[in-house]
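Asker: below: sequence and its predicted model.
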Amino acid sequence: MKQSAYQGLHYVKPSPKKSVAHIYKGKEGLPQVRHVVAVASGKGGVGKSTVAVNLAVALAQQGLKVGLMDADVYGPSIPKMTGTEQAQPLVEVVAGIEKIIPVERYGVKWMSIGYFSAAEKPLIWRGPMATNALRQLLNQVEWGALDVLLIDLPPGTSDIHVSITQEVKLSGAVVVSTPQAVALADVEKGVNMFLNDKVNVPVLGLVENMAWFTPEELPDNKYYIFGKDGVARLAEKLHLPLLAQLPIVQGICESGDGGTPIALQENAAGSAFLALAAKIAGLLL
Ligand SMILES: Nc1ncnc2c1ncn2[C@@H]1O[C@H](COP(=O)(O)OP(=O)(O)OP(=O)(O)O)[C@@H](O)[C@H]1O
Ligand SMILES: [Mg+2]
């Protein structure tokens, strides 16, 4: 039996006596997913969601089974960036348990809290409510067999991050930053959140986004608007791989706004995401 997930996904008030922890299967909860990889950053607005969406599409183009979970419950971007804002995920009841079916487009399975809320209405949630909604999504989505499930994290290091690292076993994290000093200052915090003893998630590497700008009419010129090689130097200092340097490209922004990820296009930006995907697949599989 199928029904709209609007009825299926509802906030369950946490009871102080009864922990929700027992409901969820914790780190064993996604047995059909080979690798869960978080896409994170220190600062906001550096291009995490853009990288996550294009990486997902590029991994799928390489023949992998891919899903992407939007963990930004306060500002979900995935429905817009994939042109799936109108999608209404279905709920299938499997052995008495409601399972949410992810939205499929561009060969990727997408899930976001944005599918369950009106775009113009802000989600005003206290921390525990947001964390619970996310847990419910993580555990109730019927991902099926996946090679890679990407998790697009909100910026920074919040209780959402802690909750995700407790809820699923992450194979690794990709940390995105722009090269300017204010963004770099928080990258180490983001990296240390994964590497610390309690969390112990390997950082697969750093991605330098908005590394330079090349105007179409001057294809040989590179303008380092946010500074040159800031993330590259930090990667060296932290002994982490630099996975990609992605330029500022008008088409990246436009295709994100238009819901058609640039990784679908055969151009320099599309190829850059394919190369990033190949590197990450090489590290994981
Ligand atoms: N390389 C790029 N070239 C041009 N525009 C870009 C590039 N990367 C990201 N953008 C644009 O910058 C904006 C912010 O990107 P995005 O939403 O991916 O950042 P974010 O880190 O996920 O933000 P948040 O912290 O709010 O989740 C978007 O409009 C996106 O299209
Ligand atoms: Mg984002």
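Answerer: Arrived safely, thanks for sending. Ligands and ions are numbered 1, 2, ... in the order given.
Asker: C-alpha from now on. contacts and neighbour counts both.
Answerer: Will do.
Asker: tell me where the stretch 1-150 of the chain has strands.
Answerer: Secondary structure of the stretch 1-150 of the chain by DSSP state E, counting those that start in this stretch: the strands cover 2-4, 33-41, 66-70, 90-94, 97-100, 103-105, 108-112, 146-152.
Asker: and those strands, which is most packed in?
Answerer: Among these, strand 66-70 has the highest mean neighbour count (mean count of other CA atoms under 10 Å), at a mean of 27.
Asker: close to ligand 1: what parts of the chain are there?
Answerer: Residues of the chain lying close to ligand 1 by CA under 6 Å from any ligand atom are 44-50, 154-155, 209-210, 246-250, 252-253, 256.
Asker: how much space separates the closest residue to Q140 other than its chain neighbours from ligand 1?
Answerer: Closest residue to Q140 apart from its sequence neighbours, by CA to CA, 6 or more residues apart in numbering: K99 at 5.0 Å. Note on K99: its distance to ligand 1, by CA to the nearest ligand atom, to the nearest Å, is 26 Å.
Asker: in helices only, show me the residues of the chain next to ligand 1.
Answerer: 48-50, 250, 252-253, 256 (DSSP state H).
Asker: what's the lowest-pLDDT member of those residues?
Answerer: Within the set of these, pLDDT is lowest for Q250 (92).
Asker: can you give me the neighbour number for that one?
Answerer: Q250 has 12 neighbouring residues, counting by other CA atoms under 10 Å.
Asker: show me where the stretch 1-150 of the chain dips below the pLDDT cut-off.
Answerer: By pLDDT under 70, the weakly predicted segments of the stretch 1-150 of the chain are 1-29, 119-125.
Asker: cutoff 50 now
Answerer: Low-confidence segments of the stretch 1-150 of the chain (pLDDT under 50): 1-26.
Asker: circling back to that earlier point, wait, the residue nearest to Q140 touches P89, no?
Answerer: No. Using CA atoms under 8 Å, K99 makes no contact with P89, being 10.1 Å away.
Asker: quick one on the thing from earlier: which ChimeraX command selects the buried ones in the ones in helices among the residues of the chain next to ligand 1?
Answerer: The ChimeraX command for the buried members of these (criterion: 16 or more other CA atoms under 10 Å) is given here:
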select :48,49,50,252,256
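Asker: of all the ones in helices among the residues of the chain next to ligand 1, which comes closest to W110?
Answerer: For these, the closest approach to W110 (CA to CA) belongs to S49, at 12.4 Å.
Asker: so the closest one makes contact with L150?
Answerer: No. S49 is beyond contact range of L150, at 10.5 Å (criterion: CA under 8 Å).
Asker: quick one: the strands in the stretch 151-285 of the chain?
Answerer: 172-177, 203-213, 242-248.
Asker: contacting residues around the residue positioned nearest the centre of the chain?
Answerer: Nearest residue to the geometric centre of the chain (CA atoms, centre = their mean): D152, 1.6 Å. Contact partners of D152, counting by CA atoms under 8 Å, 6 or more residues apart in numbering, are 38-40, 48-49, 52, 68-72.
Asker: also K279?
Answerer: So K279 contacts L243 (CA under 8 Å, 6+ apart).
Asker: and with 10 Å instead?
Answerer: 59, 204, 243-244, 273 (CA atoms under 10 Å, 6 or more residues apart in numbering).
Asker: now do V33 against G227, distance only.
Answerer: Going from V33 to G227 by CA to CA, to the nearest Å gives 38 Å.
Asker: I'd say S49 and S112 touch.
Answerer: No. Checked against CA atoms under 10 Å, the pair S49 and S112 is beyond contact range at 11.9 Å.
Asker: what touches both of those two?
Answerer: Residues touching both S49 and S112 (CA under 10 Å, 6+ apart): 70, 72, 76-78, 152.
Asker: please report how far D72 lies from V36.
Answerer: Here D72 is placed at a distance of 16 Å from V36 (CA to CA).
Asker: just E236 next, same as before
Answerer: According to CA to CA, E236 stands 25 Å off from V36.
Asker: residue contacts, the residue lying closest to E236 once chain neighbours are set aside?
Answerer: Excluding the flanking residues, the one nearest E236 by CA to CA, 6+ apart is L242, at 8.0 Å. Under the criterion of CA under 10 Å, 6+ apart, the neighbours of L242 are 174-175, 204-208, 231-236.
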